[in-house]
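Novice: Sequence first, then the predicted structure, then my questions.
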Amino acid sequence: MNDVVRLLLMLALAGTAVTFAGSFAIWFFDEDRRIQRALKRVLKGEPEAVLVARGRGRGVGVNFATGLAAVAWDAGAWCLVYRIDELMGAELIIDDQVVARAHRDEPRRALDQRVSHAARVTLRLIFDDPQHPDFELDLWLTGDENRRVAASPGAAVLEANRWLARAEAILRRPRAMTPPRPPPPPSPRRWPRRRRRRRPRPNSPSPPAPRAGSDPALGRRRLRRLRARRRTVANPFPSPLREKVACGAGSDEGSR
């Protein structure tokens, strides 16, 4: 009997642990949370405004403290980061028709109609980037009403209109001027090195000058003898610098 009770308790604990692990995995890998974590990482802080297109794995976030805006797709696997002043405009598109928009240096075209039914609601953001000039968020598509967490076309239009107002407030700000690049630092001037004069070694007799009228062959023989004697005579005052260099060379050869 005790073994049966122990087995039932172990099964209950294992089931509870599996349930908690599954719930945590569902919560952690939720699409909205994954996109928010990715935006927080690339924006270098908590985004102050986030818009996520549920079911499409796309989102956009803005951090006014750092002056950055970012877009994400593939549930946060890929992101693009822009400066806030690179935002050039925003458009609200309903059933392939632009019903409201806000562009830089242009008057805003406000939404002047109430929308309750639509097949597609899209928010399009335009940036000053030739490679990635725009980014679209499908906030509502036909068939979204069958999803578990579904809004409505009217709620999607209201959210997109709210982001149009936010984009207009950003576009009213003066655009930051890009500071010019500073000139490169001047290269250091190289002064010519002075050649050191070799000092004569102590106790090194200089060869005598040949006498006038002497045999040149005899003078050359004397010069050879003096040079041979100079090689054989030890230097009584060895140079300490030469000794250090020799010790360093010997130690290097030994280490090799």
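Specialist: Cool, the structure landed.

Novice: ranges for the strands of the stretch 101-250 of the chain?
Specialist: For the stretch 101-250 of the chain, the strands defined by DSSP state E, counting those that start in this stretch occupy 120-127, 134-141.

Novice: which one of these lies closest to residue 38?
Specialist: strand 134-141 (14.5 Å; C-beta to C-beta). C-beta here means a position set from N, CA and C on the backbone, and glycine is covered the same way.

Novice: what packs against that closest one?
Specialist: Secondary-structure packing of strand 134-141 (3 or more C-beta pairs under 8 Å, 6 or more residues apart in numbering; DSSP states H and E): strand 49-53, strand 58-63, strand 120-127, helix 153-171.

Novice: Repeat the analysis, applying 6 Å as the threshold.
Specialist: Strand 134-141 sits against strand 49-53, strand 120-127, helix 153-171, with contacts defined as 3 or more C-beta pairs under 6 Å, 6 or more residues apart in numbering; DSSP states H and E.

Novice: who touches the longest one?
Specialist: By that I understand helix 153-171. If you take C-beta atoms under 6 Å, 6 or more residues apart in numbering as the criterion, helix 153-171 is touched by 51, 84, 87, 90, 92, 100, 102, 104, 108, 111, 115-118, 121, 123, 139-140.

Novice: if I pick the most centrally placed residue in the chain, what's in contact with it?
Specialist: In the chain, the residue lying closest to the centroid (C-alpha atoms, centre = their mean) is residue 42, at 10.0 Å. If you count contacts by C-beta under 6 Å, 6+ apart, residue 42 has them with 70, 79, 81.

Novice: Would you mind listing which of those are buried?
Specialist: Among the contacts of residue 42, those classed as buried by 16 or more other C-beta atoms under 10 Å are 70, 79.

Novice: so which of the contacts of residue 42 comes closest to residue 224?
Specialist: residue 81 (81.7 Å).

Novice: just checking, the closest one touches residue 69?
Specialist: No. Using C-beta atoms under 6 Å, residue 81 is not in contact with residue 69, being 7.5 Å away.

Novice: Pull out the buried positions in stretch 43-58.
Specialist: For stretch 43-58, burial by neighbour count (16+ other C-beta under 10 Å) applies to 43, 47, 50, 51, 52, 53, 54, 56, 57, 58.
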